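**Q** missing the sequence, but the structure's below:
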């Protein structure tokens, strides 16, 4: 799992809440430690060392908690310093406590307060960071006890598990929060887009449509203006009606949307009303084949040729028909073009369709336009 | 004639065109509610209805007009290309569909056809209707909603941009025959839709 060691400070959102919880934890455990240090003053070997350690813990807690509350503790320098500082204070149990206390199972002077840096490391660097910091704190406590017995092992394992669990949970929380933010952003972008689409539709598109219609009737240079208006109208309409691109979650795409993307003033695309869900790569290849056929119309059908694209769903196949009203060509010219080495239609349309396991027929008559029929399995 | 379009510039342009062509424009409304309210008073034979209207949609307004006066002939038109709304409109009884960018002569021809009770298709509408028949065949097969081979062929040709005359030449039949096929296809779909609606109403306990 990916951990974010470097995020802009101060941190916010779920991260900030987690860090504030850590600050609360450290202050609460500090109270317990100070209470024990004061309580046990008479029985320590060197009470002064324990008091000094207690003072250092207060200072450390103050600094780390202040940083955490303000969202500024989320950095390696703070956490690493805290880990080693805390481990060092735990080791001060060796001069402070008697040998019997150390080996007899008395808690170290930092006791539960020493779990703090483990949790911090887990927040900073995920489960791995938590486990490493937990092992370090456990090692310090084990050095004090100088021997392995059930209780130290038990608390050590607990500490390490805590590090792992907190690391995991904090990452999940942060990720969930990110996902939520992305979803909210996408939703507001969509709402904004729809608002824009409405106003474009109600204003600009209507005027462009009227210019197209009136200009085409006036003829002459106005016809050129009408063509330009029609082009912009189609482009703008495509923009405001297209959904954000990208494959559907299940790796399939709506072929109707892919083909509608090919619309232009000279290309009419007609599809069924319901989405035609096709494997994503297949949808793209079909679209590319159709686009190649349309480019061929532009190149060979003559000026002003119009093309129509029809998408149909059959039982287990989809059929796309591309027809143009251009000049057409006599039978056999395509084969001649292929043998002459001009690839054009042969490779870009037929090749693609063959790769998809489909079939492609091209028919034409001089003066009657050309018809390309593509049938591919769904 | 009645015109329903929420854009004043279009409303005026259409009214002028139809007026010039000799049609008697009895009302020009800016929204569906007004159209439904005014229609019984002015009794239009033909309604030119924009698909996208503020408030009541063009489809709902067309449905209300047809149920109030089944003989009214509605020609839908819109600027945003063909989508499922167009299919919904012809299923409830609209006689055809035209894109707004159509030229003046195309518009007048379509209005004349609609007035004569004929169907007007755009390639997009033909593809939608074809797709709808295939969907019905898959999901709710009904002997009443099946296309003959010839009708399928005609619809496919309309979908790829051929006009009725070109289709007639290609299939070596009369222009009239092609027109009949085109009209039958729409009539069958509307009939099927009515049957489905009635069945649904009975199932829901609304009608008997």
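**A** Looks like it came in fine. These figures come from a predicted structure and were not determined experimentally. Numbering: from 1, shown residues only, chains lettered A, B, ... in the order given.

**Q** How confident is the prediction for residue A:330, by pLDDT?
**A** Looking at residue A:330, its pLDDT is 69.

**Q** for residue B:74, same thing?
**A** pLDDT, residue B:74: 94.

**Q** What are the buried residues along stretch B:38-55?
**A** When burial is assessed from 16 or more other C-beta atoms under 10 Å in any protein chain shown, stretch B:38-55 yields the following buried residues: B:38, B:39, B:44, B:45, B:46, B:47, B:48, B:49, B:50, B:51, B:52, B:53. Glycine gets a C-beta too; all of them are placed from N, C-alpha and C.

**Q** do you know how far the residue in chain B positioned nearest to chain A is from residue B:125?
**A** Residue nearest to chain A within chain B: residue B:131 (2.4 Å; C-beta to the nearest C-beta). The gap separating residue B:131 from residue B:125 is 11 Å, by C-beta to C-beta, to the nearest Å.

**Q** okay, the two: which has more neighbours?
**A** A count of neighbours by other C-beta atoms under 10 Å in any protein chain shown puts residue B:125 above the other of residue B:131 and residue B:125, at 27 against 24.

**Q** Packing partners of the host helix or strand of the more buried one?
**A** If you go by DSSP states H and E, residue B:125 is part of helix B:123-139. Where contact means 3 or more C-beta pairs under 8 Å, 6 or more residues apart in numbering or on different chains; DSSP states H and E, helix B:123-139 is packed against strand A:267-270, strand A:307-313, helix B:84-91, strand B:96-99, helix B:149-159, helix B:175-203.

**Q** Can you give the contact residues for that helix?
**A** With contact meaning C-beta atoms under 8 Å, 6 or more residues apart in numbering or on different chains, helix B:123-139 is reached by A:268-274, A:308, A:310-314, B:81-82, B:84, B:86-87, B:90-91, B:96-97, B:99, B:121, B:142, B:145-147, B:152, B:155-156, B:158-161, B:185-186, B:189, B:192.

**Q** can you give me the mean pLDDT across it?
**A** Here the average pLDDT along helix B:123-139 is 90.

**Q** State the mean pLDDT of the host helix or strand of residue A:206.
**A** If you go by DSSP H and E, residue A:206 is part of helix A:204-218. Averaging pLDDT along helix A:204-218 gives 83.

**Q** Quickly find the element holding the closest residue to chain B within chain A.
**A** Going by C-beta to the nearest C-beta, chain B is nearest to residue A:272 of chain A, at 2.4 Å. In this structure, residue A:272 sits in neither a helix nor a strand according to DSSP H and E.

**Q** Enumerate every residue touching it.
**A** A:256, A:311, A:312, A:313, B:127, B:128, B:130, B:131, B:132, B:134, B:135.

**Q** Could you measure from it over to residue B:138?
**A** From residue A:272 to residue B:138 the distance is 11 Å (C-beta to C-beta).

**Q** again with residue A:69
**A** 63 Å.

**Q** Please apply the same query to residue A:363.
**A** For residue A:363 relative to residue B:138 (C-beta to C-beta), the value is 29 Å.

**Q** of those two, who's got more company?
**A** residue A:363 (14 against 10).

**Q** and that one, that's in a helix?
**A** No - applying DSSP: H, G, I helix; E, B strand; the rest coil, one finds residue A:363 to be strand, outside a helix.

**Q** my read: it touches residue A:370, true?
**A** Yes - between residue A:363 and residue A:370 a contact is recorded at 7.3 Å, counting by C-beta atoms under 8 Å.

**Q** Buried ones in the host helix or strand of residue A:283, by neighbour count?
**A** Per DSSP H and E, residue A:283 falls inside helix A:280-300. Applying a neighbour-count criterion of 16+ other C-beta under 10 Å, one finds A:280, A:282-283, A:285-287, A:289-294, A:296-298, A:300 buried in helix A:280-300.

**Q** repeat for stretch B:149-167
**A** B:151-152, B:154-162, B:164, B:166-167.

**Q** Kindly report the same for stretch B:128-145.
**A** B:128, B:129, B:130, B:131, B:132, B:133, B:134, B:136, B:145.

**Q** can you list the residues of the stretch 251-378 of chain A near chain B?
**A** With C-beta under 8 Å from any C-beta of the partner chain as the criterion, the stretch 251-378 of chain A meets chain B at residues A:263, A:268-274, A:306, A:308, A:310-314, A:321, A:323, A:325, A:371.

**Q** Would you mind pulling the contact partners of the helix holding residue A:206?
**A** With C-beta under 8 Å, 6+ apart, helix A:204-218 has contacts from A:222-223, A:225-227, A:229-230, A:232-233, A:236-237, B:7, B:9-10, B:13, B:79-80, B:100-104.

**Q** Please flag which of these sit within helices.
**A** A:222-223, A:225-227, A:229-230, A:232-233, A:236-237, B:9-10, B:13, B:104 (DSSP state H).

**Q** burial of residue B:79, as a residue count?
**A** Around residue B:79 there are 22 residues (other C-beta under 10 Å).

**Q** Pull the contacting residues for the closest residue to it other than its chain neighbours.
**A** Nearest residue to residue B:79, sequence neighbours excluded (C-beta to C-beta, 6 or more residues apart in numbering or on different chains): residue B:100, at 4.0 Å. By C-beta under 8 Å, 6+ apart, the residues touching residue B:100 are A:209, A:213, B:10, B:50, B:77, B:78, B:79.

**Q** quick one: which of these is nearest residue A:80?
**A** residue B:79 (64.4 Å; C-beta to C-beta).

**Q** Is it correct that the closest one is in contact with residue B:99?
**A** Yes - taking contacts as C-beta under 8 Å, residue B:79 lies within contact range of residue B:99: 7.2 Å.

**Q** Would you indicate which residues of stretch B:169-180 are buried?
**A** Result for stretch B:169-180 [16+ other C-beta under 10 Å]: buried residues B:178, B:179, B:180.

**Q** Could you dump those into TSV and include pLDDT and distance to residue A:175?
**A** Shown next, in TSV, are these (pLDDT from 0 to 100; distance: C-beta to C-beta, whole Å):
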residue	pLDDT	distance to residue A:175
B:178	92	61
B:179	90	62
B:180	91	63
